[in-house]
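Asker: one predicted model, sequence on top.
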Amino acid sequence: MQDNDHKPGHTDVSAPAAAGRDTMDIITPVDFSPPPQHGRKKQLSLRWYHGFVVLALVAVAVPAWFVLTARSVFIDVSPATARVAVVSGFALQVGPRYLMRSGDYQVSVTAPGYFDNTVDLTISSEQAQTHSVELLPRPGLVSVQTVGADGQIVAGARVLLDGVDLGVSPIADAEVPPGTYELQIQMDRYLGYRSPLEVAGRLQPQAVNAELLPAWAEVSFNTAPAGADIIVNGELVGVTPAQVELLQGAYDVTLKRTGYKAWQDDVLVTAGVDVRVPDVTLEAADGLVFIRSVPGNANVTINGEFRGQTPLEVSLPPGQRHEVRLFRTGFNTAVRSVTTSAEQEQDITVPLDPVTSLVRVIAQPADAELYVDGELKGPANQLVELMAASQRIEIRKEGYVAYATNFISRPGLDQEIRVQLKTEEEARLDSIQPVITSAGGQTLNLFYPYAFTMGSSRREPGRRANETLRDVVMEKPFYLSLHPVTNEQFRLFRADHVSGTLQGRSLDLPRQPVVQVSWLDAAMYCNWLSAQESLPPFYIIDNGNVTGINPDSTGYRLPTEAEWEWAARADGQGGTVRFPWGEAWPPEAGSGNFADDSTAAFLGQYLRGFNDNHPGTSNVGEFAPTALGLYDMAGNVSEWVHDIYGAVSGLSSVRETDPVGPDDGRYRTVKGSSWAHGTMTELRPSYRDFAEDPRNDLGFRVARYLGN
């Protein structure tokens, strides 16, 4: 081993290993200090460009933070061209989408032609999301102009969209919400116009030019010889040759000239299609003979041909002799000879000689009186000569119930009539009230009708074919309301009933007559009145339909046609008149509420020169009453009556007694004129009409039988 150099401060660690062979060295400790560090300490020094570096770092970090934390939002707007503005909250638009952090925002969406819309959006944590906003379009501006077939402007037509009234044409810039509509246009004397209309909206103007087609046609008439009156539905409209403008529909046309037979036919008019009636050659007129018998209802043959029963009106060829024979059961045959001249009118009254036999009448009390067919024959206890035909036998005494029967005497047989009168009349008569008031507020008067002849003679101006003459016996006393039922009275039964309007005027005022009611509505109202007074119902109603009547009921009902016509025509002195106000034509002012000058704008036929100041219904009772004190029997409203409508037989040997009409039929009879009527035909009480559905000129009044 080599010797190591000894340096100060170091110890030779190998010394012990050599101790055995060398002398041991002594280790001497010395002081130690670490050597000093070399160099000097560095310090950080900021410069001006360091600020720009920091700002750049922030400018990059904030957007990056926003982008990393924001959500991608698509605002789906309708219409697609709408403008979107975020008015509350921060958002960054990137193409069609927005970067928006979670939270609440307010967004405004606008577009021309649409209503502005500001909506609140809540942005969720979902990374990509869509929010829809739809704008409502503004109304369209619709203008409507109406023109005729000739292109000329026709103003004043009523314009409706889906039944909503827009006003009368011309209409300019009416604001209509967008959508699909049915455009309807209505105007008197023109056909109704209907067309779909698509309204775009968004304040876009749309113009509609609607062509209205006329609802009339020209009808030409020519006769040989000329100069014949042209009578359409009972109204004189011209003299042949002539062209007459008629609204579409069916018409009863008569061509009549003095000295010639009247020509009559039905003419069907189609709107816009002119009609030329084939030339008519008029025949020389027959002589007219009116045959009566005493008593009436005798069978009549002329030259061996049966012609009907008296009273009878017949036309006979002029310049000839005709044999007239009259037959009636219980009377000897009567024969007369008749010669006529053209256009000559004759009246023949033939007394019939009865075939009689003696009948003994025995009655108690002894001072009772005998009546035969309503004629006083003296004391009841007598041997009386009666005809061999049915006759009405009555035995009366004041204070007693009258006895009545139909009796036929039998020549060659001993016959007698025994009667014991019962003293019940006085008590019954004392209980009878001549005037009553119903639970609905109607005032009803009691009437004792008498026999009369319904219908009208063929010679009566304005007569229609369904007004056949027939003798009617009225035996049942009855109550009849003085006025038609009013809106106020009907609403006690049906509170929600509305009678409507006419040309902008109300038909629904309390004192106006109720209209827009069906026959069934009227019948149900009558039963309701009966229930209020605990009276037996007259009408039998099952499942909402009238299935029958209770003829013995004293409950409320509709008047029969015979009762209504008798009440309208009775003159208060046992006779009848042609019109409710009397015999005069035209009616005087105040006679009733008819189709007058005020209805010329919407009615084709009206009383020219007449003005009652009511284009529609008036309050009940405003005009003069009839001779019986009844109001509105002419004008204001036509009236439902009880009878089913049907053809009626003519005069016969069997008189109808208290008729109530046919048993079956679709339509109900309507009597009387209304505010919509203005012709002689319609204003006569014998005028007969029928209906099935409600009308704005059709009401009703109530009646009751007196009872036993």
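Answerer: Received the coordinates, thanks.
Asker: nearest residue to Asn332 in space, please, no chain neighbours.
Answerer: Sequence neighbours aside, Asp353 is the residue nearest to Asn332 in space, at 4.5 Å (criterion: C-beta to C-beta, 6 or more residues apart in numbering). (Each C-beta comes from the backbone N, C-alpha and C, glycine too.)
Asker: what do you get for Asp689?
Answerer: Using C-beta to C-beta, 6+ apart and skipping the chain neighbours, the partner closest in space to Asp689 is Val670 (4.1 Å).
Asker: could you tell me whether the one you found really is in a strand?
Answerer: Yes. Val670 sits within a strand when classified using DSSP: H, G, I helix; E, B strand; the rest coil.
Asker: what sits opposite it in the beta ladder?
Answerer: With DSSP bridges applied, Val670 shows beta-bridge pairing to Trp640, Asp689.
Asker: and Val637, how many residues sit next to it?
Answerer: The tally of other residues near Val637 (other C-beta atoms under 10 Å) stands at 30.
Asker: now do Ala562
Answerer: For Ala562, the count of nearby residues is 24 (other C-beta under 10 Å).
Asker: quick check, Asn527 in a strand?
Answerer: No. With three-state DSSP as the criterion, Asn527 is helix rather than part of a strand.
Asker: list the contacts for it?
Answerer: Going by C-beta atoms under 8 Å, 6 or more residues apart in numbering, Asn527 touches 537-539, 541, 555-556.
Asker: how close does Pro196 get to Arg138?
Answerer: 22 Å (C-beta to C-beta, to the nearest Å).
Asker: so between the two, which is more surrounded?
Answerer: A count of neighbours by other C-beta under 10 Å puts Arg138 above the other of Pro196 and Arg138, at 17 against 8.
Asker: got a pLDDT number for that one?
Answerer: On the pLDDT scale, Arg138 is placed at 91.
Asker: who's in contact with it?
Answerer: For Arg138, the contacting residues are 113-115, 201-203, by C-beta under 8 Å, 6+ apart.
Asker: next: Gly500.
Answerer: Listed by C-beta under 8 Å, 6+ apart, the contact set of Gly500 reads 507-508, 515-516, 696.
Asker: which one of these is nearest Lys422?
Answerer: Distance to Lys422, by C-beta to C-beta, is smallest for Val515 among those, at 47.9 Å.
Asker: what's around that closest one, how many residues?
Answerer: Val515: 28 neighbours (other C-beta under 10 Å).
Asker: which secondary structure state is assigned to it?
Answerer: At Val515 the chain is in coil, as set by three-state DSSP.
Asker: isn't Thr468 right up against Ser649?
Answerer: Yes. Thr468 lies in contact with Ser649 (C-beta atoms under 8 Å); the separation is 7.0 Å.
Asker: the more surrounded of those two?
Answerer: Neighbours of Thr468 and Ser649, each counted by other C-beta under 10 Å, are more numerous for Thr468; the result is 17 against 9.
Asker: for the residue nearest to Asn332, give me its contacts.
Answerer: By C-beta under 8 Å, 6+ apart, Asp353 lies in contact with 331-332, 334.
Asker: read off the pLDDT value for it.
Answerer: Asp353 carries a pLDDT value of 87.
Asker: also Ala56?
Answerer: For Ala56, the pLDDT comes out at 77.
Asker: what's the mean pLDDT across stretch 550-561?
Answerer: Mean per-residue pLDDT for stretch 550-561: 96.
Asker: same question but for stretch 78-98, I mixed them up
Answerer: 87.
Asker: again, but for stretch 339-346
Answerer: Throughout stretch 339-346, pLDDT has a mean value of 80.
Asker: and the contacts of that stretch?
Answerer: 258-259, 284-290, 316-322, 338, 459.
Asker: are any of those buried, and which?
Answerer: By neighbour count, with 16 or more other C-beta atoms under 10 Å, these hold 285-290, 316, 322, 338 as buried.
Asker: sorry, back to before: most neighbours, which of the contacts of Gly500?
Answerer: Val515 (28 neighbours).
Asker: can you pull the contacts of that residue?
Answerer: Counting by C-beta under 8 Å, 6+ apart, Val515 makes contact with 499-500, 507, 617, 637, 694-699.
Asker: if we ignore the residues flanking it in sequence, what's nearest Asp76?
Answerer: Ser132 is the one closest to Asp76 (C-beta to C-beta, 6+ apart), at 4.5 Å.
Asker: for the contacts of Arg138, which PyMOL command selects only the ones that are buried?
Answerer: A single PyMOL command selects the buried members of the contacts of Arg138 (16+ other C-beta under 10 Å):
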select buried, resi 114+201+202
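Asker: turn the contacts of Arg138 into JSON lines, including distance to Leu444 and secondary structure.
Answerer: As requested, these are exported to JSON lines (distance: C-beta to C-beta, whole Å; DSSP: H, G, I helix; E, B strand; the rest coil):
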{"residue": "Gly113", "distance to Leu444": "66", "secondary structure": "coil"}
{"residue": "Tyr114", "distance to Leu444": "65", "secondary structure": "strand"}
{"residue": "Phe115", "distance to Leu444": "62", "secondary structure": "coil"}
{"residue": "Gly201", "distance to Leu444": "59", "secondary structure": "coil"}
{"residue": "Arg202", "distance to Leu444": "64", "secondary structure": "coil"}
{"residue": "Leu203", "distance to Leu444": "63", "secondary structure": "coil"}
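Asker: quick one: which of the contacts of Arg138 is nearest Trp216?
Answerer: Using C-beta to C-beta, the shortest approach to Trp216 within the contacts of Arg138 belongs to Gly201, at 38.5 Å.
Asker: the residue nearest to Asp76: which element?
Answerer: Element membership for Ser132, per DSSP states H and E: strand 128-134.
Asker: by contact count, what packs against the helix or strand that that strand is followed by?
Answerer: Next along the chain after strand 128-134, taking DSSP H and E as the criterion, comes strand 140-147. Contact partners of strand 140-147 among helices and strands, from 3 or more C-beta pairs under 8 Å, 6 or more residues apart in numbering; DSSP states H and E: strand 171-176, strand 179-186, strand 193-199, strand 205-211.
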